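A.B. asks: The following comprises the amino acid sequence and a computationally predicted model.
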Amino acid sequence: MSLYDVFETETSYDYLKKVAKVLEEPICLLGGWAVYLTVNNNFKREQGRSYLGSKDIDIGFHIEKNFSETDLKKTAFGISIKALEKEGFQAQGFRYYKNIHRETGEELTPDKSKSENQFDIFQIYVDLIVDYIHPLSKDIFNFVPIDELLLHYVFKEEKYRKEIELKKFKRKLWLSSPEILLAMKIKSAPNRIKDDKLIKDICDIYALSWYSGEEFDKVIYSPP
């Protein structure tokens, strides 16, 4: 099955490695790449091919309710925003992106992008997701981030996360436990329009249920 083209997923994976290098450890990976790293070994062993990659990069962050303005700026979330901007990522609401030329792989500046055909441009997105939207977020960061309440358990309880260290990344990553990832996907799927993201969520739900390495009953019936 080919939901996304190879250029998109390979480019996204390359930029995941680049983004990981400039963020503080541990890096809490969410979304499609977290699912891929969770299920791929088992999926590949049984199906003879790798699991679906992702187009977007989702990173999770912890925010305390009582953080001051100074505290917020010093969080991994605040530091990551500065790091992405330094790397040339542009803000688009709660997302950060770069334009990549599909044929050359060249990074395109906003001005350069205007002179290119839009179908020749692939936008690589990095979504920064918090477990709590602080009231000062808009004033400090100029946007309101998206939130995922289940992230709270990942940061607070070790049983809901797994730390891995990939040689290709040379960074320590946190993956949410399969039951947390599954719960996140089940929450997001009903809000999708009928496009590739909905199909990807359904694929991820199935893959997490059967290829995470955990017993089916544990994954399905053990959310926090």
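C.D. replies: Great, that's in hand.

A.B. asks: distance from the centroid: which residue in this structure tops it?
C.D. replies: Distance to the chain centre peaks in the chain at S115, reaching 29.7 Å (criterion: Cα atoms, centre = their mean).

A.B. asks: mind checking the backbone torsions on that one?
C.D. replies: Per-residue torsions, S115: phi -90, psi 0 (degrees, to the nearest 10).

A.B. asks: just checking, F7 touches R102?
C.D. replies: Yes. Counting by Cβ atoms under 8 Å, F7 does reach R102; the two are 6.0 Å apart. Where you see a C-beta, it was placed from the backbone N, CA and C, and this is true even at glycine.

A.B. asks: Could you tell me the per-residue confidence at the residue farthest from the centre of the chain?
C.D. replies: Confidence at S115, expressed as pLDDT, is 88.

A.B. asks: Q92 now?
C.D. replies: pLDDT, Q92: 93.

A.B. asks: residue contacts, it?
C.D. replies: Y125 (Cβ atoms under 8 Å, 6 or more residues apart in numbering).

A.B. asks: Where is the longest strand in the chain?
C.D. replies: With secondary structure taken from DSSP state E, the chain has its longest strand at strand 121-130.

A.B. asks: avg pLDDT for it?
C.D. replies: When pLDDT is averaged over strand 121-130, the result is 96.

A.B. asks: helices or strands next to it in the packing?
C.D. replies: Packing partners of strand 121-130 (3 or more Cβ pairs under 8 Å, 6 or more residues apart in numbering; DSSP states H and E): helix 6-22, strand 57-61, helix 76-86, strand 95-101, strand 146-147.

A.B. asks: sorry, back to before: tell me, what's touching F7 and R102 both at once?
C.D. replies: F122.

A.B. asks: Low-confidence bits of the chain, can you list those?
C.D. replies: The chain contains residues with pLDDT under 70 at 1-2, 194, 216-224.

A.B. asks: can you pull up the bridge partners for the residue most central in space within it?
C.D. replies: Against the mean C-alpha coordinate of the chain, by Cα atoms, centre = their mean, the closest residue is D58 at 1.5 Å. Beta bridges link D58 to L30, D127 when assigned by DSSP bridges.

A.B. asks: circling back to that earlier point, more neighbours, F7 and R102?
C.D. replies: Neighbours were counted for F7 and for R102 using other Cβ atoms under 10 Å; R102 has more, 16 against 13.

A.B. asks: in terms of contact, does F141 touch I81 like I think?
C.D. replies: Yes. Taking Cβ under 8 Å as the definition, F141 is a contact partner of I81 at 6.1 Å.
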